[in-house]
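Q: Model the following, please.
(one chain, ligands or ions: 1)
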Amino acid sequence: VAYDPATVTGSGSLHARASRVLLGNWTGTSTVPSRGLYPHQWSWDSAFIAIGLRHLSPLRAQVELETLLGAQWDDGRVPHIVFNPSVPLDAYFPSPDFWRSSTAGAAAGAPRTVQTSGIVQPPVHALAAWLVHTSDPGLSRTRSFLPRLYPRLAAWHRYLLHRRDLGGGGLAAVVHPWEQGMDNSPAWDVPLSRIVPAEPRTFRRADLDHGAAQDRPTDLDYGRYVRLAADYRDRGYADGESDFAVEDPAFNALLIASEHALARIAREIGVPARARAARAERLTQALVDRLWDPAEGLFLCRDLRGGEVRGEARTGVGLPGQRTAADDVPAAPGRGTARPGRHPGSGAPLLPGQRTPADGAAADPAAGPSAGSPTASPPGALVAERSVAGLIPLVLPGLPADVAAALVRTAGGPHFGLGAATRLAPSYDLTGHAFDPHRYWRGPAWFNTNWLLERGLRAHGEQACADALRAALLDAAGESGFAEYVDPYTGEGCGARDFSWTAALTLDLLH
Ligand code: 9WN
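A: From the prediction side, this is the model:
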């Protein structure tokens, strides 16, 4: 890494405090999300971190992304964790000896010299690369930053759009809750309920050395996370057969935003960009066709393995008197009772509250891609839970105007309370059966999702709302000591402090 004195200005100011967090979490080639809880490099964290770091040091921001993409697998996947070999194995679970990337991932082309996980995280990277470039185009061009990154970013998107198009409709599916990044969101309760948890005695949760148990996922969640990851590893990280396969609106919206960014990158480096821009538009259409719920004014997750439900008419989620998917799943800690069978068709009971296409039309995975043919019935079932993930497509400027307007209304309505009941948008429905203002992705407000909403509001002309959210984000970040997440009503900090993306996105909002 070339000599690069990152600048800190205005001692004591929010800017200076945020800068100190980022400088303190820098390891020389990348930034840890948190020194204690997350001592390695995480994929979507690095993208958000680079977006803030570019204001302190465009060079470090470039190196951050280069380090991550340096650990890319030959099949194009960008791993969700790149392990730091100097960190003791027991500092984080699952550690490299669980993932065994260089051996178990050999067929998929995992790197030999660096240890990684085998799953992915949301593809925010092309967006981050473009924003990093714009912060210092001269340095970027001198270092051939974009020409070097472009083939890797293109391969990453290709992996997601081909190997991960498990539903055949053009969208990417996640095969583990950690991939979507909102680990214990109630949106996963039903799809996860089919997974037989691993025995608790087979693993040790290092996260509980640093985080309060009541703010973290439950042991039962972890049992299922471990089972899913171990099964994936034991299949050589081959895609297609996962018992958990979900099309998520935030993951796909970020992919589309990154496709738009890749088109800009392509134009900048002089390679054809038209096909990319067109693809981003097609994907936006597929997102609306497959995941938009007009009755709710919200995007929902599609559980691709949930297509067993038949025949029961359901419209809207969680409306008074209706059963939601989650009625079947008691709230934590008793939530998630193991069910017989791990896959529809192997004995899993019908799941009330999931919504099948056209209320009972047969889901036919063999029907082929539905992108561009909105009349085809998508496989699986929409998950009847309101998650902040369903608001994230607001970042897409190309969203149909009526969809964007409905999202803005939903963000400010009773379920998310933005600009009214809450200081920041919660990760999950304030009125939801599983809402808990302190438990990780089951209610607390997170800075990355709110930063995305702030951008989305601005992109759709909601300047006053965006300004208010920006002010609330800055206040909450400063008051909480750059907490990992906060109580959406009070702003009280939870989880880790000096959390990197909180500091990075604070810096970005200050610029
Ligand atoms: C598992 C690092 C990551 C974030 C995720 C967040 C949390 C990990 C964990 O921390 O997940 O990947 O151990 O809980 O849920 O979004 O990227 O900050």
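Q: Low-confidence ranges, the chain, go.
A: Low-confidence segments of the chain, defined by pLDDT under 70: 1-11, 308-376.
Q: Now do the strands in it.
A: Secondary structure of the chain by DSSP state E: the strands cover 41-42, 81-82, 173-174, 246-247, 292-293, 298-299, 302-303, 381-382, 445-446, 485-486, 493-494.
Q: Give the partner strands of the fourth one in its sheet and their orientations.
A: Strands that pair with strand 246-247, judged by DSSP bridges, come out as strand 173-174 (antiparallel), strand 302-303 (antiparallel).
Q: same check, this time on the fifth one
A: In the sheet, strand 292-293 lines up against strand 298-299 (antiparallel) (DSSP bridges).
Q: Number of residues surrounding residue 170?
A: For residue 170, the count of nearby residues is 21 (other CB atoms under 10 Å). Where you see a C-beta, it was placed from the backbone N, CA and C, and this is true even at glycine.
Q: I'd like the strands of the chain written out as JSON lines, with mean neighbour count and distance to residue 101 added.
A: Below are the strands of the chain laid out as JSON lines (neighbours: other CB atoms under 10 Å; distance: least, CB to CB, whole Å):
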{"stretch": "strand 41-42", "mean neighbour count": "26", "distance to residue 101": "14"}
{"stretch": "strand 81-82", "mean neighbour count": "26", "distance to residue 101": "10"}
{"stretch": "strand 173-174", "mean neighbour count": "28", "distance to residue 101": "18"}
{"stretch": "strand 246-247", "mean neighbour count": "30", "distance to residue 101": "23"}
{"stretch": "strand 292-293", "mean neighbour count": "20", "distance to residue 101": "36"}
{"stretch": "strand 298-299", "mean neighbour count": "30", "distance to residue 101": "32"}
{"stretch": "strand 302-303", "mean neighbour count": "30", "distance to residue 101": "28"}
{"stretch": "strand 381-382", "mean neighbour count": "28", "distance to residue 101": "33"}
{"stretch": "strand 445-446", "mean neighbour count": "27", "distance to residue 101": "27"}
{"stretch": "strand 485-486", "mean neighbour count": "28", "distance to residue 101": "29"}
{"stretch": "strand 493-494", "mean neighbour count": "22", "distance to residue 101": "31"}
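Q: Let me see the contact set for residue 457.
A: Listed by CB atoms under 8 Å, 6 or more residues apart in numbering, the contact partners of residue 457 are 394, 408, 411, 463, 465-466, 469.
Q: change it to 7 Å
A: By CB atoms under 7 Å, 6 or more residues apart in numbering, residue 457 lies in contact with 394, 408, 465-466, 469.
Q: ditto for residue 110
A: Residues in contact with residue 110 (CB under 7 Å, 6+ apart) are 73, 101-102, 116.
Q: again, but for residue 47
A: The contact partners of residue 47, taken as CB under 7 Å, 6+ apart, are 124-125, 128.
Q: picking up where we left off before, taking the contacts of residue 110 as a set, which two sit the farthest apart in space?
A: The span of the contacts of residue 110, defined through CB to CB, is set by 73 and 102 at 10.5 Å.
Q: OK, now which residue of the stretch 101-250 of the chain is nearest to the ligand?
A: Residue nearest to the ligand within the stretch 101-250 of the chain: residue 181 (3.7 Å; CB to the nearest ligand atom).
Q: tell me, how many neighbours does the closest residue to residue 294 other than its chain neighbours end up with?
A: Residue nearest to residue 294 in three dimensions, not counting chain neighbours: residue 406, with 7.3 Å by CB to CB, 6 or more residues apart in numbering. Residue 406 has 19 neighbours, counted by other CB under 10 Å.
Q: Can you give me the distance of residue 406 to residue 399?
A: Separation of residue 406 from residue 399 (CB to CB, to the nearest Å): 10 Å.
Q: What of residue 427?
A: Look at residue 427 and residue 399: by CB to CB, they are 21 Å apart.
Q: Show me which of these two is the more surrounded one.
A: residue 427 (27 against 24).
Q: Confirm for me that the more buried one is in contact with residue 447.
A: No - using CB atoms under 7 Å, residue 427 is not in contact with residue 447, being 11.1 Å away.
Q: Measure how buried residue 405 is and give me the count.
A: Neighbours around residue 405, by other CB under 10 Å: 15.
Q: Identify the residues contacting stretch 254-264?
A: Stretch 254-264 has contacts (CB under 7 Å, 6+ apart) with 122-127, 130, 153-154, 157, 160, 172, 273, 276-277, 279-280, 283-284, 287, 395-396.
Q: restrict these to contacts with the ligand.
A: Among these, no residue sits close to the ligand (CB under 6 Å from any ligand atom).
Q: Longest helix in this protein, please.
A: helix 249-269 (DSSP state H).
Q: circling back: ok, the residue nearest to residue 294 to the ligand distance?
A: 27 Å (CB to the nearest ligand atom, to the nearest Å).
Q: Likewise for residue 384?
A: In this view, residue 384 and the ligand are 22 Å apart by CB to the nearest ligand atom.
Q: For that residue, give its distance to residue 392.
A: Taking CB to CB as the measure, residue 384 falls 18 Å from residue 392.
Q: Same drill for the two, tell me which one is more crowded.
A: residue 384 (28 against 25).
Q: which bits of the chain sit near the ligand?
A: Close to the ligand, as judged by CB under 6 Å from any ligand atom, the chain has residues 33, 38, 42, 44-45, 80, 178, 181, 183, 207.
Q: out of these, which are inside helices?
A: Mapping the residues of the chain next to the ligand onto helices (DSSP H) picks out 44-45, 178.
Q: For those, pick the one with the most neighbours.
A: The most neighbours of any of these, using other CB under 10 Å, belong to residue 45, which has 29 neighbours.
Q: Quick one: the helices in the stretch 251-400 of the chain, in order.
A: Secondary structure of the stretch 251-400 of the chain by DSSP state H, counting those that start in this stretch: the helices cover 274-291.
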